[in-house]
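Peer 1: Provided below for reference: sequence and predicted model.
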Amino acid sequence: MEKKTLSFQAEVKQLLHLVAHSLYSNKEIFLRELISNASDACDKLRFEALNRNDLYEDQPNLEIHVTFDKAARTIIVSDNGIGLSAEEAIANLGTIAKSGTREFMDKLSGDQQKDAQLIGQFGVGFYSGFIVADRITVESRRAGLEPEEGVRWSSDGTGDFEVETITRERRGTDVILHLRESETDFLNRWRLKSIISRYSDHISLPILMRKEEWDKDKGEYVLKDEWETVNQAAALWTRPKGEITEEQYHEFYKQISYDTEAPLAYTHNRVEGRTEYTQLLYIPAKAPFDLWNRDKRGGVKLYVKRVFIMDDAEALMPVYLRFVKGVVDSADLPLNVSRELLQESRDVKAIREGCTKRVLSMLEDLAENQKDKYAQFWTEFGAVLKEGVGEDHANRERIAKLLRFASTQADEGVSLADYVSRMKDGQEAIYYITADTLAAAKNSPQLEIFRKKGIEVLLLTDRVDEWMLTYLYEFDGKPLQSVAKGAVDLGKLQDEEEKKKAEQAAEAFKPVLERLKEVLKDKAKDVRVTTRLVDSPACLVTEEGEMSGHLARLLKQAGQKAPGVKPVLEVNAEHPLVRKLEGNDRFEDLAHILFDQALLAEGGQLDDPAAYVRRINTLLVS
């Protein structure tokens with residue numbers, strides 16, 4: 001193929017402009033990204049060579065070389081991995097298929113200082129070279145192709161790139177950075193070596209640099225034709241824990257997660273038994289932008305006997321723990337394992353169960369011994385962990401103990417165990433209410449009798465809570481009961497005098513109730529006197545076993561059809577507004593206002609807001 005000039009994909013043009021002109025903090029990240037790409041290329045060769053050993057050609061040892069040339073002002077990152085064909089160079093270096101590209105560019109919009117560490121998070125690491133280079137040349141040959149089928153790709157990052165066929169004896173790839181004049185401080189062995197030590201020490205392949213010696217005649221250090229390994233060249237998870245510093249654990253986490261912050265917690269273990277594997281798992285400090293995408297693959301990488309098999313092996317971690325990052329290295333799985341085999345393997349099931357229990361143990365330790373860290377975790381990931389109540393029956397009790405809620409006694413951090421320990425004598429249930437917001441839950445009329453009696457109620461405001469409660473029936477032998485479902489029954493907490501008074505009020509108010517039922521028959525399933533209200537005139541409840549109004553609203557917001565369940569209107573027979581109903585000429589208007597106000601108080605939407613306003617206005621001027 002003769003030299004051709006092609007245009008970048010439109011999004012790449014925007015990206016290159018941002019990289020060249022906006023990313024100016026922590027520029028050294030480019031070397032981490034290029035070495036990471038080189039390591040991936042070697043991993044891919046090792047995997048493909050499982051079935052085609054000839055791909056190694058005459059270079060069985062996989063290596064990464066980093067060199068520089070002060071005179072030419074270049075840095076070269078070389079690998080003898082899988083390499084690129086001409087078609088792959090055009091496809092992989094000229095377009096970006098990653099869905100995260102748009103989010104990456106959105107992150108870099110605005111006037112705040114841009115952080116180059118963002119670049120790795122969205123699969124665009126190669127382009128980080130343009131942070132320091134005004135031109136990048138890539139020379140490569142794919143393993144298994146003839147020397148005459150090599151390719152040279154070159155671009156100055158302004159919108160076009162050139163590609164041509166070359167003869168290249170060695171398989172693999174050379175990435176040649178032509179540095180800007182302002183970036184020549186990177187043409188320094190000590191600087192490059194320190195960057196490698198900081199960001200890439202964990203890479204399991206040897207990273208080689210030429211040694212230096214002092215030249216008396218030139219009065220400077222010169223490079224020798226002798227190479228040395230400048231990293232540990234051993235996968236971090238395979239090394240004894242006593243030899244690994246916390247900083248190294250943190251840097252490895254940042255490398256595999258593209259996070260800029262240290263993890264909240266991590267665990268490193270070798271599991272022995274019928275299934276042998278090593279796990280190095282991390283809990284991030286911050287939630288990623290795509291946390292709520294349940295279709296996104298997990299963040300755990302799978303290795304078999306230190307051979308990389310696949311990224312984001314979702315079979316190794318349940319969906320509700322999709323925020324966990326890390327590495328699992330198995331000694332037992334077949335090296336040519338496919339995603340289909342992975343789903344069915346008994347060994348993988350054992351690894352998944354082991355990893356799940358290890359993560360839950362980490363969370364239990366945080367909850368018990370580092371409450372501030374656990375509170376931070378809960379803020380970021382608590383709503384996702386709640387999914388496990390319904391998805392992981394085997395660990396439901398452990399997950400239930402990790403749940404945290406707001407309540408009428410605290411705005412956050414209340415565990416079910418805390419609640420049970422504070423239950424009043426004679427209290428038989430754990431009471432809760434669901435709402436769209438904490439303010440709506442706190443001010444719900446349904447809570448009035450509970451406040452009066454000092455009974456704590458959990459306030460649940462996450463969208464996942466209604467779904468979770470269909471699986472969480474009880475805790476520590478105490479049933480969970482919604483204060484907005486069924487007739488209020490406080491059991492031993494309600495004395496006989498109160499019950500008798502409520503029955504007398506209901507009997508005396510019967511004619512009004514019957515008329516209310518008739519007027520509101522299209523809106524309310526029933527109307528009854530209640531003891532749950534103290535200051536409010538009315539509230540809406542649903543019968544036990546029926547869908548709550550809050551869940552029905554969530555389904556509608558999600559575009560799903562909710563069953564048409566009519567609520568029950570409960571009225572406070574002692575309230576002046578309810579008393580005003582008796583013998584009132586505007587009985588029907590008052591009845592509808594009473595219902596609509598109760599609906600608004602629980603966060604519902606009126607079917608006919610204009611009619612409500614008209615009725616209110618009529619009463620105000622009468």
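Peer 2: Yep, that arrived.
Peer 1: what residues are up against the residue nearest the centre of the chain?
Peer 2: Geometric centre of the chain, nearest residue: Leu291, 2.7 Å, by C-alpha atoms, centre = their mean. Contact analysis of Leu291 by C-beta atoms under 8 Å, 6 or more residues apart in numbering lists 322-323, 381, 384. No exception for glycine: its C-beta is placed from N, CA and C like everyone else's.
Peer 1: and with 7 Å instead?
Peer 2: When contacts are counted by C-beta atoms under 7 Å, 6 or more residues apart in numbering, Leu291 touches 323, 384.
Peer 1: And what about it, helix, strand or coil?
Peer 2: When classified by DSSP: H, G, I helix; E, B strand; the rest coil, Leu291 comes out as coil.
Peer 1: quick one: it from Glu380, how far?
Peer 2: As defined by C-beta to C-beta, to the nearest Å, Leu291 lies at a distance of 8 Å from Glu380.
Peer 1: Please verify my assumption that Val327 contacts Tyr303.
Peer 2: Yes. Val327 lies in contact with Tyr303 (C-beta atoms under 7 Å); the separation is 6.4 Å.
Peer 1: would Asp174 count as being in a strand?
Peer 2: Yes. Under three-state DSSP, Asp174 falls within a strand.
Peer 1: That one is in contact with Ile136, isn't it?
Peer 2: No. Assessed by C-beta under 7 Å, Asp174 is found out of contact with Ile136, at 10.8 Å.
Peer 1: Comparing these two, which residue is more hemmed in?
Peer 2: Using other C-beta atoms under 10 Å as the criterion, Asp174 and Ile136 rank with Ile136 on top: 22 against 18.
Peer 1: Could you give the bridge partners of that one?
Peer 2: Ser155, Leu177 (DSSP bridges).
Peer 1: Test my guess that it contacts Ser155.
Peer 2: Yes. In this structure, Ile136 is within contact of Ser155 by C-beta under 7 Å, at 6.1 Å.
Peer 1: Go ahead and name everything in contact with stretch 188-197.
Peer 2: Residues from elsewhere that reach stretch 188-197 (C-beta under 7 Å, 6+ apart): 28, 31, 35, 66, 68, 185-186, 207, 209, 212, 230-231.
Peer 1: Which one of those residues is nearest to Leu533?
Peer 2: Closest approach between the contacts of stretch 188-197 and Leu533, by C-beta to C-beta: Glu28, at 64.8 Å.
Peer 1: Got the domain ranges for this structure?
Peer 2: 4-232, 237-378, 399-487, 493-621 (automatic domain parsing).
Peer 1: Buried ones among the contacts of stretch 188-197?
Peer 2: 28, 31, 35, 66, 68, 186, 207, 209, 212, 230-231 (16 or more other C-beta atoms under 10 Å).
Peer 1: Now, those that are in strands?
Peer 2: Among the buried ones among the contacts of stretch 188-197, the residues falling in strands (DSSP state E) are 66, 68, 207, 209, 212.
Peer 1: now the residues you listed in CSV, with pLDDT and distance to Glu261?
Peer 2: Listed next are these as CSV, based on pLDDT from 0 to 100; distance: C-beta to C-beta, whole Å:
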residue, pLDDT, distance to Glu261
Val66, 97, 27
Phe68, 96, 31
Ile207, 96, 25
Met209, 96, 30
Glu212, 88, 35
